[in-house]
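Enquirer: Here is the input, now give the coordinates:
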Amino acid sequence: MAKQIQKGKADKLKTQKKSGKTKVTWQFPLTRQNYIVLGIGIGIIILGYILMATGITEEPALPQGKWNNPLAVYVAPILLVIGYCVVIPYGLMMVFKKKPQDISTPEENQ
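Expert: Predicted coordinates for the structure are as follows:
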């Protein structure tokens with residue numbers, strides 16, 4: 001009798017596996033908003049490097065010991081730190097709400 005019950009359970013599991021096929025789809029975790037934030041971060045980093053390059057001159061230091069261009073000394077490093085340490089990680093880790101997708105089969109639509 002126990003063998004009959006086990007056989008019945010095995011048959012039931014096989015039919016569930018056959019009829020219970022589900023299609024698993026994997027969605028990339030980054031959305032359009034993430035890419036926009038990453039693009040802004042890359043733009044900030046590029047601007048920081050451009051400003052840093054403006055400090056390169058034939059005479060980088062004045063006789064009093066001050067730099068010619070304060071943008072290259074003060075603003076550029078701040079922009080680089082903000083870009084690398086704030087904006088890029090925010091763009092990678094922030095989860096934006098996705099719009100619900102209509103998941104229906106063609107049979108349901110008819």
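Enquirer: any chance you could map the helices in this structure?
Expert: Using DSSP state H, the helices of the chain run over residues 2-19, 32-53, 70, 76-82, 88-93, 106-109.
Enquirer: Count the neighbours of the closest residue to Y35 other than its chain neighbours for me.
Expert: Ranked by CB to CB, 6 or more residues apart in numbering and with sequence neighbours excluded, the top spatial neighbour of Y35 is G91, at 7.7 Å. Any C-beta I mention is one placed from the backbone N, CA and C, and that applies to glycine too. If you count neighbours by other CB atoms under 10 Å, G91 ends up with 19.
Enquirer: do L79 as well
Expert: What L79 shows, counting by other CB under 10 Å, is a neighbour count of 21.
Enquirer: any idea how far it lies from I44?
Expert: Distance, L79 to I44, by CB to CB, to the nearest Å: 6 Å.
Enquirer: For stretch 84-91, which outside residues touch it?
Expert: With contacts defined as CB atoms under 8 Å, 6 or more residues apart in numbering, stretch 84-91 is touched by 34-35, 37-38, 40-42, 44-45.
Enquirer: run the last query once more with 7 Å
Expert: 34, 37-38, 40-41, 44-45 (CB atoms under 7 Å, 6 or more residues apart in numbering).
Enquirer: Select only the buried ones of the residues you listed in PyMOL?
Expert: Applying 16 or more other CB atoms under 10 Å to those leaves a buried subset, and the PyMOL line that selects it is:
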select buried, resi 34+37+38+41+44+45
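Enquirer: I'd like the contacts of stretch 84-91 as CSV, with pLDDT and distance to V73 appended.
Expert: Shown next, in CSV, are the contacts of stretch 84-91 (pLDDT from 0 to 100; distance: CB to CB, whole Å):
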residue, pLDDT, distance to V73
N34, 93, 33
V37, 96, 28
L38, 96, 28
I40, 97, 24
G41, 97, 22
I44, 97, 18
I45, 97, 18
